[in-house]
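Asker: dropping the sequence and predicted coords here.
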2 protein chains.
Amino acid sequence: MTAETMNWIDRFEGLSKLEAPIRDILTNRSTVVSVPKDTIIFGPGKAPDHLLLLLQGVVRVQQLSENGREIVLYRVHAGESCVLTTACLLAYEDYSAEGIAETDVQAAAIPRAVFDDLIAQSETFRRFVFSAYSRRITDLFMVIEEIAFQRVDIRLAHKLLQLAGTGGAISATHQQMAAELGTAREVVSRQLREFQRRDWITQSRGAIEIIDRAALEKLAATES
Amino acid sequence: MTAETMNWIDRFEGLSKLEAPIRDILTNRSTVVSVPKDTIIFGPGKAPDHLLLLLQGVVRVQQLSENGREIVLYRVHAGESCVLTTACLLAYEDYSAEGIAETDVQAAAIPRAVFDDLIAQSETFRRFVFSAYSRRITDLFMVIEEIAFQRVDIRLAHKLLQLAGTGGAISATHQQMAAELGTAREVVSRQLREFQRRDWITQSRGAIEIIDRAALEKLAATES
DNA sequence: GATGTTTGGTGACTTCGTCACTGAAGCGAT
DNA sequence: ATCGCTTCAGTGACGAAGTCACCAAACATC
C-alpha cells in the first residue's frame, strides 16, 4: 500500500517535490476510482464533491447549447487535474459544461475538505493547483481566439493533425469533428470533401486518414 | 490608518467575515494604488506581480488577435478581484489578453508572497479566491457559448441593453461595439442601421441611444 | 432479406466576414 | 474662419460560414 500507492503522486509534474507529510495526506485521504468510457463525470445537475487527479485516460470537457450544438473546450490527460470541478464546487450558478470520460479512466479523488487542507498546508500543492488553473484558462482563451478569429478550414486542418495518431488515422464522424470546432456538420463535410479532392485525406464512414500531412500543416500555419 | 484603511475589506462580498489577524495582514501588507483611465494594467510582456482587488472603477479584460481584431472577455468591477493576474503570475506561457482601466481605478495590490500567506492561513480568503476564479471561468464559458452559437443581432441587442445607462444612452463607436462582440465593424454598422430603421435606437457619431427598450429586450430573449 | 438507424451528401438560401473605397464629422493649427 | 488631418460611419460586391430540408448510402438488428 505504501510504495505502490504513493507512486501515482510522482506522475504529476509539480507534485514530485511534495513534502512527506503532505504526500501521506494525499495517499491516505484520497481514493482511486475507475470510471468506464463514456461516463459523464460532471455536468449540469451533477456537481462532483471531489477534485480529480487523472491517473489514466482522457476526459473531454465540452459545452452544450440550447439548440443542440456543442463545442469541445479542452481535454484533461493523465498527469493533469480537473480544476474545473473545484470551480464547480463553489459556483453559485450552474454552468452548462460537462466532462466525459473519452476512454476508461482512473483518477485519484480528493474530497473537498482534504483539498482545502492541502491548499492550506503545502505551497507545492498551491503552485500545482494555480498552475493548473492557469493552463485551463489559457486553453479557454485559445478556444475563444480560434472560434472568433480563425477560418474553419485552418482550424479543421489543425484539429485533424492534433487528433491523428502517428499513422494519420482518425476515428471520428463529421458530427464529432463539428463539435470539436463548434460548427455545423455540413460545414465539416464540405471542408473534408475539399481536402479529399486535393488528396490530403481519405474518408470512410466514421474515419478519416491523413495522406498529405505536409499540406495540412501548411494550411494550419496560415496567418489570418 | 486603522479604521479608515481597514474598511475597504468590507466592500468585498466574501471578505466581510475575514478573521481579525488576516485582516491585519491584508491591510498592512498591501498598498492602495491609483491608476488613471486607459492605463494597460496587464498585458503581453507586462506581467503584474500583485493580485489586485478593485476598490473603485472598472477594468476591461480583452483579447487581441494577430490580424488586429479584438474581443472583450469580461469586466472587473469594484468589489471584485482580478484573479487572471494571479493565473498570469504562474503561467509558463505568455497569453495575449490584456486588462485596461476603463475608468480611473483604485485598487488594493497584494504582493505575490502575501497572497500565498493569505491563501495558506485563511479559509475565508481561499473561498473568496476560488469563488472569483469560478465566476471568471463561468464568464468565459458564456463568451464561448455566445460567439459560437448566437446570432449577432441578438448579441448586439443584449450588449446595448447591458451597456446602456438608465437613460438609454451609450457612448461607444461602432468599432468598439464590434470589439465587444468579437465581430467586424461593418457588421455592427449594418445591424445598428437596421435597429435604427425600426426606430429602436437613434445614432450619432460615437453615441447610441435606446428608444424602444422593450423591442430590444424581446429580440435579446429570442431563442437560437 | 426487410427494416430502422446512423452517417454523410447536396442545393438553396441567409447570415456573417472581408475588401476597397467613399464621404462626413470632429479637431487643431494657423 | 478655413484648411488639413484624423476618426468614424456607409456602401456594394463578394467569399465564407451557418441553416434548412431532404436524400442516399452504410451499417445494425432482427
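Answerer: Here it is on my side, so go on.
Asker: can we go C-alpha only for contacts and neighbour counts from here?
Answerer: Noted.
Asker: so A:A120 lies in a strand, does it not?
Answerer: No. A:A120: not assigned to a strand; according to DSSP: H, G, I helix; E, B strand; the rest coil it is helix.
Asker: surely it touches B:I119?
Answerer: Yes. A:A120 lies in contact with B:I119 (Cα atoms under 8 Å); the separation is 6.6 Å.
Asker: look up how far DNA strand C lies from the residue nearest the centre of chain A.
Answerer: Closest to where the C-alpha atoms of chain A average out (Cα atoms, centre = their mean) is A:R75, at 0.8 Å. Going from A:R75 to DNA strand C by Cα to the nearest atom of the strand, to the nearest Å gives 21 Å.
Asker: ditto for A:A169
Answerer: A:A169 is 13 Å from DNA strand C, by Cα to the nearest atom of the strand.
Asker: my read is that that residue contacts A:I211, right?
Answerer: No. Using Cα under 8 Å, A:A169 is not in contact with A:I211; the gap is 9.3 Å.
Asker: which residues do those two both contact?
Answerer: When contacts are counted by Cα atoms under 8 Å, 6 or more residues apart in numbering or on different chains, A:A169 and A:I211 have no shared neighbour.
Asker: okay, the two: which has more neighbours?
Answerer: A:A169 (19 against 16; other Cα atoms under 10 Å in any protein chain shown).
Asker: okay, and the beta partners of that one?
Answerer: A:E209 (DSSP bridges).
Asker: and DNA strand D, is stretch A:125-143 touching that?
Answerer: No. Interface with DNA strand D: stretch A:125-143 contributes nothing (Cα under 7 Å from any atom of the strand), its closest point being 13.2 Å away.
Asker: helix/strand/coil for the residue nearest to the centre of chain A?
Answerer: Under three-state DSSP, the three-state class of A:R75 is strand.
Asker: burial measure for the closest residue to it other than its chain neighbours, as a count.
Answerer: Using Cα to Cα, 6 or more residues apart in numbering or on different chains and skipping the chain neighbours, the partner closest in space to A:R75 is A:R60 (4.6 Å). Residues within reach of A:R60, counting by other Cα under 10 Å, total 19.
Asker: could you confirm A:R60 falls within a helix?
Answerer: No. Assigned with three-state DSSP, A:R60 falls outside any helix and is strand.
Asker: right, and it touches A:C82 too?
Answerer: No. The criterion here is Cα under 8 Å, and A:R60 misses it with A:C82 at 10.4 Å.
Asker: name the residues contacting each of these two.
Answerer: Common neighbours of A:R60 and A:C82 (Cα under 8 Å, 6+ apart) are A:V76.
Asker: tell me how chain A divides into domains.
Answerer: Under the assignment automatic domain parsing, the domains of chain A span A:3-147, A:151-220.
Asker: any idea which of these scores lowest on pLDDT?
Answerer: Here the lowest mean pLDDT among those goes to domain A:3-147, at a mean of 88.
Asker: quick one, phi/psi of A:V72?
Answerer: Here is the backbone geometry of A:V72 (degrees, to the nearest 10): phi -80, psi 130.
Asker: list the contacts of it.
Answerer: A:R60, A:V61, A:Q62, A:Q63, A:A179, A:E180, A:L181, A:G182.
Asker: how about the residues of chain A by DNA strand D?
Answerer: Close to DNA strand D, as judged by Cα under 7 Å from any atom of the strand, chain A has residues A:Q150, A:R151, A:V152, A:D153, A:G182, A:T183, A:A184, A:R185, A:E186, A:V187, A:R205.
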